[in-house]
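Peer 1: Below: sequence and its predicted model.
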Amino acid sequence: MSSLHAAQIEQIAAWLAATDIGLLELRGPGQMLLLRHDGAGVEVVDVVQTDGAAAPAAPVLHTVNAPSVGVFLHRHPLREDTLAAPGSAVRAGQALGLLQVGLLLLPVLAPADATVLELLVAHGTVVGYGTQLFALQGAAPHGPRT
Amino acid sequence: MIEILSTGALATVQDLGRAGALRWGVGTAGAMDPLALAAGNILLGNDEGAAGVEVPVFPFRVRFGADTALAITGADVDARLDEQPLLPWVAVQARAGQVLHLSLPRRGAVWPASRAYLCLAGGVDVPAVLGSRSTQLRGAFGGLDGRALRQGDTLRAGAADRQPLAGLGLVPPALAMPLQVDGLPAVRVLPAAEYTHYTEASRAAFWAEPWKITAQSDRYGYRLDGRPLEALAAIEMRSHGIVPGVIQVPPGGQPIVQMRDAQPSGGYPKLGTVIEADLWRLGQAPVGSRVRFVECDWDSALAALAETRRWLDEVHRLVGLQRLQRG
Amino acid sequence: MNTAAAPSTSLLGTSAMLFEAPGETTLPTQQRIWALAREAETWPEVHEAVPGMNNLMLSFTRPPRTLDLLNARLHAAWSTIEPLALQGRVVELPVVYGGEGGPHINDVVAHTGLRIDEIVERHSAPLYPVYALGSHPGYCYLGGMDTRIATPRRKVPVLRIPGGAVSIGGTQTGVSASDGPSGWNTIGCTTMAFFDPARDPPALLQPGDSIRFRVEKVIR
């Protein structure tokens, strides 16, 4: 893939808008394009171009899913601050949110050091096992996604 | 093993209290918020009644001498393990060498509370005296040498019974079982023997008006500020047994609620007794805050006790299930 | 205080019940309270039966669903119970009256109109039966004080009175077993270990024992 320029990015964006794909990541030597489609439009989240001589580790997309049925919480019931706001940097193992199952609070953990791209579910939503909760952009590929 | 790096006054080792020694003039002592201590213990796989550290004054810092599972329950005190912020009411695994830092309870918190409980897997291992590890300050026995903790003290944790469930948390009982009147925390009270000795206006005011917890309040008793209570006539009292929760009215008319370190007997008239099921709520009410009293009867008081017991049983059950699932 | 003719019961929350014997505070009534305590401790609802001054606190193992049965049993037992005339030891305590160890003896002088020597004589004359333990570990509630030296409790309690302080509060007298606050009038001091948690029983004195105060010294 040769260097992308604006017109090509626009073309790819237009194509993406016609699909129901939420996130598109294109990687090539020395380049990375990340587009997000939220239904209303397509947004260029990131474009990286380097010399290509030593290709950097490509960013990895993680989705974090609910580990069980429960009520998803973006903040601890005793606090008012959101645990993982969009755009914030999180560390592997950090609690992104909580899943309330009866009296228990189960942590939903970041699988890797990452940036929070999107909160996919609102605070207080009842979710099922496997429901997608977060989209994260990690720095490098890691082990199995949760 | 934990080492106290810094502490405010009045941090003590407490379990759920000392029973069976009233006959020798020994009161119960024990955690001011027994629900928080019991819940922290259940999260860590301890017996409910294992000893923990009650921390009423902040900041408070300890260093872990060994890998230890812990939970901070009670007030949300912005706990940190080294630089890592901890969530309240959640079990956490600390590594040897890490420092736990407890700050002040947040102002304007969702649940205004004043005491935090440091619970350790295996419980705080101090000798049991007269059947309990609670600190008996007057008489100086129990807990750690019968006194408050000081910088440089070390405390051992007992052998941990079960695998730690790091990350597992609880919805605090203040949220699960709220009790408020006109936006203020409330506690239920059973009238006591001298209740009818007070004027109707005083009795009505006792239930209808908020009472402020003055700065002269501690583990011995909470001195309240509000409309002075008037007796119908001077009341002659003989020394008699009392329990935590008894609301005494000394000559000035400002009530004192006897708390965990209160004398087990007294000579003042008693208006009522805060029910055992609600003592944890009062034990967490901060100095300067106001509370309301709600009149209740025997059946309601028993129902309240059953409700807290059910909450603890449910925590046991759910934590047990988690343990099975994690294998 | 129960000025009615019949005993009364009342609640101390859901943790305990209080039983008050009627009439004046006397030793024979206290002996019946001791007997009632012994009986009540055999009941399943009762964890501890703790005598006070002519009264009895029953702490619950578990609060009973209804109180009627327990109340009825209590009243029935009281109506027939015989005094338990416990005969314990007599313990003699040497007391230094007045001076630094008796900071409030002049308040007793002011209230009673008696001289220090008269107060000391009247305080040290009787044999004081231990009615009950309470207040703090090892503390004994004593009966039998001469009412002529009775002095009301202080309006402002003292934050810290040392263990061994000999005090008068109203018509009662007692000795502090450890450092702590007190609203009573301290007239002297003694040395005695009243409580040792390592011993069994931990309290040195118990109901049925008696105390005699021996005048070691009077500081005027």
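Peer 2: Alright, I've got the coordinates. Numbering: from 1, shown residues only, chains lettered A, B, ... in the order given.

Peer 1: Output stretch C:127-144 as CSV, restricted to C-alpha atoms.
Peer 2: Extracted in CSV, the C-alpha atoms of stretch C:127-144 (Å, rounded to 0.1, in the frame of the first residue of the first chain):
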residue,chain,number,x,y,z
LEU,C,127,-18.2,-3.3,106.2
TYR,C,128,-19.3,-2.7,102.6
PRO,C,129,-20.9,-5.7,100.8
VAL,C,130,-20.1,-5.9,97.1
TYR,C,131,-23.6,-5.7,95.4
ALA,C,132,-22.4,-6.0,91.8
LEU,C,133,-19.6,-5.4,89.3
GLY,C,134,-20.0,-2.9,86.5
SER,C,135,-18.9,0.4,85.2
HIS,C,136,-15.4,-0.7,84.2
PRO,C,137,-13.4,-4.0,84.5
GLY,C,138,-13.2,-5.1,88.1
TYR,C,139,-15.2,-2.1,89.5
CYS,C,140,-17.4,-3.0,92.5
TYR,C,141,-20.7,-1.4,93.4
LEU,C,142,-20.8,-1.3,97.2
GLY,C,143,-23.8,-1.0,99.6
GLY,C,144,-23.9,0.2,103.1
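
Peer 1: and that stretch, how far from the chain's centre?
Peer 2: Taking the mean of its C-alpha atoms, stretch C:127-144 sits 4 Å from the chain's own mean (C-alpha atoms, centre = their mean, to the nearest Å).

Peer 1: what does stretch B:173-191 give?
Peer 2: In this view, stretch B:173-191 has its centroid 15 Å away from the chain centroid, taken as C-alpha atoms, centre = their mean.

Peer 1: For it, buried residues please.
Peer 2: Under the neighbour-count criterion of 16 or more other C-beta atoms under 10 Å in any protein chain shown, stretch B:173-191 has B:173-174, B:177, B:185-191 buried. For glycine as for every other residue, the C-beta is placed from the backbone atoms N, C-alpha and C.

Peer 1: For residue B:289, state which of those residues is nearest.
Peer 2: For the buried residues of stretch B:173-191, the minimum distance to residue B:289 (C-beta to C-beta) is 7.4 Å, reached by residue B:185.

Peer 1: any idea what the closest residue to that closest one other than its chain neighbours is structurally, helix, strand or coil?
Peer 2: Distance criterion C-beta to C-beta, 6 or more residues apart in numbering or on different chains; nearest residue to residue B:185, sequence neighbours excluded, is residue B:291 at 5.4 Å. Secondary structure, DSSP: H, G, I helix; E, B strand; the rest coil: residue B:291 is strand.

Peer 1: ok, now which ones touch residue B:291?
Peer 2: Counting by C-beta atoms under 8 Å, 6 or more residues apart in numbering or on different chains, residue B:291 makes contact with B:184-187, B:210-211, B:213, B:282, B:285.

Peer 1: can you do 6 Å?
Peer 2: Residues near residue B:291 by C-beta atoms under 6 Å, 6 or more residues apart in numbering or on different chains: B:185, B:211, B:285.

Peer 1: now swap in residue B:67 and tell me
Peer 2: Counting by C-beta under 6 Å, 6+ apart, residue B:67 makes contact with B:95-96.

Peer 1: And the residue of chain A that's closest to chain C?
Peer 2: Using C-beta to the nearest C-beta, the closest approach of chain A to chain C is made by residue A:103 at 23.9 Å.

Peer 1: What pLDDT is listed against residue B:225?
Peer 2: At residue B:225, the model reports a pLDDT of 97.

Peer 1: Return the residues in contact with it.
Peer 2: Neighbouring residues of residue B:225 by C-beta under 6 Å, 6+ apart: B:212, B:214.

Peer 1: Residue B:161 now?
Peer 2: Here residue B:161 is in contact with residue B:45 (C-beta under 6 Å, 6+ apart).

Peer 1: This completes my enquiry, with thanks.
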